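Asker: Would you be able to build a 3D model of this:
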Amino acid sequence: MKRFSKENIDITNGDIKSTLIALSTPLIISMALQTAFNIIDAIFIGRLSADALAAISITFPVIFFIIAIGIGTGIGVTSLIARYIGKNQIIDARQTATHGLILTAIISIASTALGLYYIEQIFTLMGAEPAIISLAKSYMTIIIYGFTIIFTVFILNSILHGEGDTVTPMKALVISVSLNIILDPILIFGYWIIPPLGIEGAAIATVISRSFGLLLILHHFLKKRSKVTPVIRGFNYQPKIIKNILKVGIPSSLSQISMSITFFILTSFVAKFGTSAIAAFGAANRLQTIGILPSIAVATAVITIVGQNAGQKKYNRIETTVKTAIKLLITFMIPTTLILITFRNQLMTIFTNDKAVISIGSEFLKIVPLELIFIPISMIIASAFQGVGKGTPQLVLRMTRLFVFCIPIAYYLAFIKSMGLTGIWWSFVIAAALASIISLAWFKTGSWKKETKI
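Answerer: From the prediction side, this is the model:
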């Protein structure tokens, strides 16, 4: 772990490619483990029935919707802390950490209350069958009670990312996923004195596992191993800090929410083709998510690098960082895309033996992974804007890709041109390609160089 240690990374002066790799590698591992959380649940639940697999598939956009707010707040915190560190204003960075935790507490309480109240109505709106709604509600209710734990982990990780520590969050996820692998089969199928809990067992395993990960991160802060330890005794409420967090956080949250709404709408499109289609969409999308992980990881590292360099007004270094990140990712994404397409049938059998589900999921993986070649461009450029404290461009780019391109194209191809599910799958690729062109044009205007005051 030592070669990934933050002490070995010079974010504002070191070699850019080496810095990107050093920060991104633990993030890629962390996100792979994060995805493993979902995939492990899907594998074990898929052994219960196709209905059970469909049930957790429809929970994905709902969970993503609620958690999106916490993710956005975390991005705002990461950006602001990185810029304060770049300016060597450590006290302000610590105050930002505390303000972020307070915002997270408010979000956690509100999300839990709203989630519990509206969950059944949301699943009904998605057009799922009553049996699937019942299973999904059982799973989701337990997950919602664990939102406070999940949100707290997010914000603490964001604080660490802002200072350039991506190793500690990775260690916490290793513990969480390892425990989840052990608990999942025990709680789902039963063992010794523990009765089989089915889909609820998977949810309980996830919450317990997350709790242990949180304890490890809290231990890191309590031992004062972070230079951006949240202030408690010397806390000073500053509206400008909340404003600066939200300036990036709100657009980021709305951007994440737009992803959830898109999947909500696309899932409703897919639902018109039956339960097998829903199950296949959920399972195949989890595999697709694995392919996107490197882009998300490098984009997260870009926020930190750009933020700290923006604090020192090193704009040429920021520009080089963006170009280097895009080249690295596209080089990596081409073989990743080929692997997903080539081994699509084998990958789908990980989740289920249902031939209909495998067939539909296989077609998804034959087409949708092509978007992986285009996604890095818009994602890295959006993160660069976030790093300098500008949250709106990322929201505009995401909304354009999803609502101007993806959803209309999906509907047109699937139902107007009668291409069915194939049309929905192609909408992902076309939208990603068009969004990448717009992103490049926007970045070249140089509008990101205008300093955002903090």
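
Asker: low-scoring stretches of the stretch 151-300 of the chain, by residue?
Answerer: Nowhere does the stretch 151-300 of the chain drop to pLDDT under 70.

Asker: ok, which stretches of it are helices?
Answerer: 167-189, 199-222, 239-271, 275-311 (DSSP state H, counting those that start in this stretch).

Asker: Off-centre distance for the longest one?
Answerer: What separates the centre of helix 275-311 from the centre of its chain is 6 Å, taken as C-alpha atoms, centre = their mean, to the nearest Å.

Asker: Check which helices and strands that helix is in contact with.
Answerer: If contacts are counted by 3 or more C-beta pairs under 8 Å, 6 or more residues apart in numbering; DSSP states H and E, helix 275-311 sits against helix 16-46, helix 50-86, helix 147-163, helix 239-271, helix 315-342, helix 344-348, helix 355-367, helix 375-387. C-beta: built from backbone N, CA, C; applies to glycine.

Asker: Residue 306 is in contact with residue 12, correct?
Answerer: No: using C-beta atoms under 8 Å, residue 12 makes no contact with residue 306, being 10.7 Å away.

Asker: who has more neighbours, the two?
Answerer: residue 306 (32 against 15; other C-beta atoms under 10 Å).

Asker: who touches the residue lying closest to the more buried one once chain neighbours are set aside in this structure?
Answerer: Nearest residue to residue 306, sequence neighbours excluded (C-beta to C-beta, 6 or more residues apart in numbering): residue 387, at 2.8 Å. Listed by C-beta atoms under 8 Å, 6 or more residues apart in numbering, the contact set of residue 387 reads 79, 82, 302-307, 310, 318.

Asker: please redo it, this time with the cut-off set to 7 Å
Answerer: 79, 82, 302-303, 306-307, 310 (C-beta atoms under 7 Å, 6 or more residues apart in numbering).

Asker: rewinding a little: residue 180 is nearest to which of the helices and strands packed on helix 275-311?
Answerer: Nearest of the helices and strands packed on helix 275-311 to residue 180, taken as C-beta to C-beta: helix 16-46 at 5.9 Å.

Asker: buried residues in that closest one?
Answerer: Neighbour counts using 16 or more other C-beta atoms under 10 Å place 16, 19-46 of helix 16-46 among the buried residues.

Asker: Next, the angle from it to helix 355-367.
Answerer: In terms of direction (axes from the mean of the first three to the mean of the last three C-alpha atoms, to 10 degrees), helix 16-46 departs from helix 355-367 by 170 degrees.

Asker: from the chain's centre, how far out does stretch 28-42 sit?
Answerer: Distance, stretch centre to chain centre, for stretch 28-42: 11 Å (C-alpha atoms, centre = their mean).

Asker: CA-only coordinates of that stretch in CSV, if you can.
Answerer: The C-alpha coordinates for stretch 28-42 follow below in CSV (Å, rounded to 0.1, in the frame of the first residue of the first chain):
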residue,chain,number,x,y,z
ILE,A,28,-10.4,2.1,-9.2
ILE,A,29,-10.0,-0.6,-6.6
SER,A,30,-12.5,1.1,-4.3
MET,A,31,-15.1,1.5,-7.1
ALA,A,32,-14.5,-2.1,-8.2
LEU,A,33,-15.2,-3.2,-4.6
GLN,A,34,-18.2,-0.8,-4.5
THR,A,35,-19.6,-2.5,-7.6
ALA,A,36,-18.8,-5.9,-6.1
PHE,A,37,-21.2,-5.0,-3.4
ASN,A,38,-24.0,-4.8,-5.9
ILE,A,39,-22.9,-7.7,-8.0
ILE,A,40,-22.5,-10.0,-5.1
ASP,A,41,-26.1,-9.2,-4.0
ALA,A,42,-27.3,-9.8,-7.6
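
Asker: so what's the residue nearest to residue 306 scoring on pLDDT?
Answerer: Looking at residue 387, its pLDDT stands at 89.

Asker: Quick check: it vs residue 75, distance?
Answerer: Distance of residue 387 to residue 75, computed by C-beta to C-beta, to the nearest Å: 10 Å.

Asker: got any residues that touch both of those two?
Answerer: Between them, residue 387 and residue 75 share these contacting residues under C-beta under 7 Å, 6+ apart: residue 303.

Asker: returning to that earlier point: of the helices and strands packed on helix 275-311, which is nearest residue 178?
Answerer: helix 16-46 (9.0 Å).

Asker: Check the offset of the closest one from the chain's centre.
Answerer: Centre-to-centre, helix 16-46 and its host chain are 10 Å apart (C-alpha atoms, centre = their mean).

Asker: likewise stretch 62-81?
Answerer: Stretch 62-81 sits 9 Å away from the centroid of its parent chain (C-alpha atoms, centre = their mean).

Asker: So for that stretch, mean pLDDT?
Answerer: Mean pLDDT, stretch 62-81: 84.

Asker: same question, stretch 347-358
Answerer: The pLDDT scores in stretch 347-358 average 85.

Asker: start to end distance for that stretch?
Answerer: Taking C-alpha to C-alpha, to the nearest Å, stretch 347-358 runs 9 Å from one end to the other.

Asker: shift numbering so it begins at 110
Answerer: Right, with 110 as the first residue, what we last looked at is stretch 456-467.

Asker: how about that stretch: buried residues?
Answerer: 456-457, 460-461, 463, 466-467.

Asker: Equivalent analysis for stretch 425-438, please.
Answerer: The neighbour-count check on stretch 425-438 (16+ other C-beta under 10 Å) flags 426-428, 430-431, 433-435, 437-438 as buried.

Asker: what does that stretch rub up against?
Answerer: Contacts for stretch 425-438 (C-beta under 7 Å, 6+ apart): 125-126, 129, 403-404, 407, 411, 414-415, 418-419, 485-486, 489-490, 493, 552.
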